[in-house]
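>>> what's the 3D shape of this:
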Amino acid sequence: MTAEERRESVVRAAMIEFGRGGYRGTSTEAIAKRVGVSQPYLFRLFPGKEAIFRAACERCMDETWQAFDRASEGLTGEAAKEAMSAGYLALIEDRDKLMMQMQMYVSVFAAEAAGDTEIGEIARAGWLDLFDRVRIRIGGDTREATDFMAYGMLINTLVALGYPDGHRIWEGFGTPPGREPGRGD
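Numbers count the residues shown, from 1 in each chain. Below you'll find the predicted structure:
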């Protein structure tokens, strides 16, 4: 593998490890082990744990936009929102990706409580970029984009809490793509 391919492997592994253990609870040793490299090699690719986390955060936001973009290409308005919703539900079927996103939010708070603002700046910039892209794709209305993102955050919470498909909690969403109405509690 080239260094760039190894770097890519590290970011993918870091998303899983950070998603499961958070920033503070994840060791670079665990990331290196998942990739199959030594810690010293890991630090040849990235200057430290924070750089790996930043790359994982950036990738997380980028993959979310890519899911929205692919699903809604050529669409606007309500059709774009529905397509992006379906794309997002497909993305977060991989709970590791969702948990990385959730850990990113928690890590911003923890880092800033300790006086480190860099992770927060990166996460907020990524989230704002995602929000603006969604807003533009659905027609430029800030309120519509806010509603769309608010539903997404509620979906994050419900999936992270483990509510299964068909649970009555999902009824407020209507029948999202891939879900059957009225399946159990």
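>>> hey, let's count contacts and neighbours off CA atoms from now on
Noted.
>>> may I have the phi/psi pair for residue 163?
In terms of degrees, to the nearest 10, the main-chain angles of residue 163 are phi -70, psi 120.
>>> just the pLDDT for the residue lying closest to it once chain neighbours are set aside.
Residue nearest to residue 163 in three dimensions, not counting chain neighbours: residue 169, with 7.7 Å by Cα to Cα, 6 or more residues apart in numbering. Note on residue 169: pLDDT of 92.
>>> on the three-state scheme, residue 169 is what?
When classified by DSSP: H, G, I helix; E, B strand; the rest coil, residue 169 comes out as helix.
>>> and it, how many neighbours?
As a burial measure, residue 169 scores 12 neighbours (other Cα atoms under 10 Å).
>>> and the gap between it and residue 155?
Look at residue 169 and residue 155: by Cα to Cα, to the nearest Å, they are 10 Å apart.
>>> in stretch 65-80, what's buried?
Using 16 or more other Cα atoms under 10 Å as the test for burial, stretch 65-80 gives 65, 66, 67, 68, 69, 71, 72, 75, 76, 77, 80.
>>> among those, name the ones in helices.
Of the buried residues of stretch 65-80, the ones assigned to helices by DSSP state H are 65, 66, 67, 68, 69, 71, 72, 77, 80.
>>> of all those, which two lie farthest apart?
Of all pairs drawn from those, the greatest distance, 17.9 Å, lies between 66 and 77 (Cα to Cα).
>>> pLDDT (mean, whole number) over the helix or strand hosting residue 58?
Following DSSP states H and E, one finds residue 58 within helix 49-72. For helix 49-72, mean pLDDT is 95.
>>> and what of stretch 77-95?
Average pLDDT, stretch 77-95: 93.
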